[in-house]
Structure formats: structure tokens, C-alpha cells
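Engineer: Got a sequence here, can you build the structure:
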Amino acid sequence: MERLSSGRAPLITVAWKPLAWVGGVIATICAAAIAAVLAVVFAASLVVIALMASVLLVFAGLALRARRTMRRNDSDIIEARDLGGGSWVAYGWDQHGR
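Structural biologist: Got it, this is the predicted structure:
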């Protein structure tokens, strides 16, 4: 069986090799630039997520502190009962002096 190609490379293939190499370099540089931009976007999104989480923790801490403060001041609340006929009796209002 005879071979269809000769032992040497065709002239057109040899002429395109440097151009293909330059194209490969340009594609590599573009891929590296895109990767750098994606890394910066990813890092910025992590910073935003961390900032939002810290703000959430601050508000949760403030809410818990307010809740504890309100529980501590339950002695300020007086109890009132309806005796009927428009009469009410209040308990706890005279205990501040004791």
C-alpha cells in the first residue's frame, strides 16, 4: 500500500505554525485575565457575605440585649383584675416602696 503523504511537512502547515503559536499565547493570556477577574469577583462576594453576616450578628446581639432588659424590668408591670360592674383592682403598684 502506498502512502498518501510525503515525508516532509507541507509548506502551508509550516507557515501557519508561528501564527498558531501566537494565537495560543493570546488565548492563554485571555484565559488568565478572565481567571483573575473571576477571582476578584469571588473574593469581593465573600467580603460582602462576611459583612452581612457580621451585621446580622450585631443586630441579633442587640435584640437579645433588649430582650434581657425587658425581662429584668417586669417589676414595673402591674396586674389588674376586673371585678365586674366597671370595678378594677390593681396589684403591684404599691410594692415599689418596699
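
Engineer: Run through the protein and note the low-pLDDT ranges.
Structural biologist: The chain contains residues with pLDDT under 70 at 1-12, 71-77, 92-98.

Engineer: give me that answer again for 90
Structural biologist: 1-20, 66-98 (pLDDT under 90).

Engineer: how close does the residue positioned nearest the centre of it sit to Val55?
Structural biologist: What sits nearest the mean C-alpha location of the chain, by Cα atoms, centre = their mean, is Ile49, with 2.3 Å. Using Cβ to Cβ, to the nearest Å, Ile49 is found at 11 Å from Val55. All C-beta spots, glycine's among them, are computed from the backbone N, C-alpha and C.

Engineer: quick one on the thing from earlier: may I have the phi/psi pair for the residue nearest to the centre of the chain?
Structural biologist: phi -60, psi -40 (degrees, to the nearest 10).

Engineer: This protein: strands as residue ranges?
Structural biologist: Applying DSSP state E to the chain gives strands spanning 79-84, 87-91.

Engineer: okay, the ones you listed in a markdown table with distance to Ala20 next?
Structural biologist: Below are these laid out as a markdown table (distance: least, Cβ to Cβ, whole Å):
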| stretch | distance to Ala20 |
| --- | --- |
| strand 79-84 | 90 |
| strand 87-91 | 94 |
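
Engineer: May I see those organised as TSV, with mean neighbour count and distance to Ala27 added?
Structural biologist: Shown next, in TSV, are the strands of the chain (neighbours: other Cβ atoms under 10 Å; distance: least, Cβ to Cβ, whole Å):
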stretch	mean neighbour count	distance to Ala27
strand 79-84	9	80
strand 87-91	9	84
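
Engineer: Of these, which is nearest Thr69?
Structural biologist: Smallest distance to Thr69 across the strands of the chain (Cβ to Cβ): 20.7 Å, for strand 79-84.
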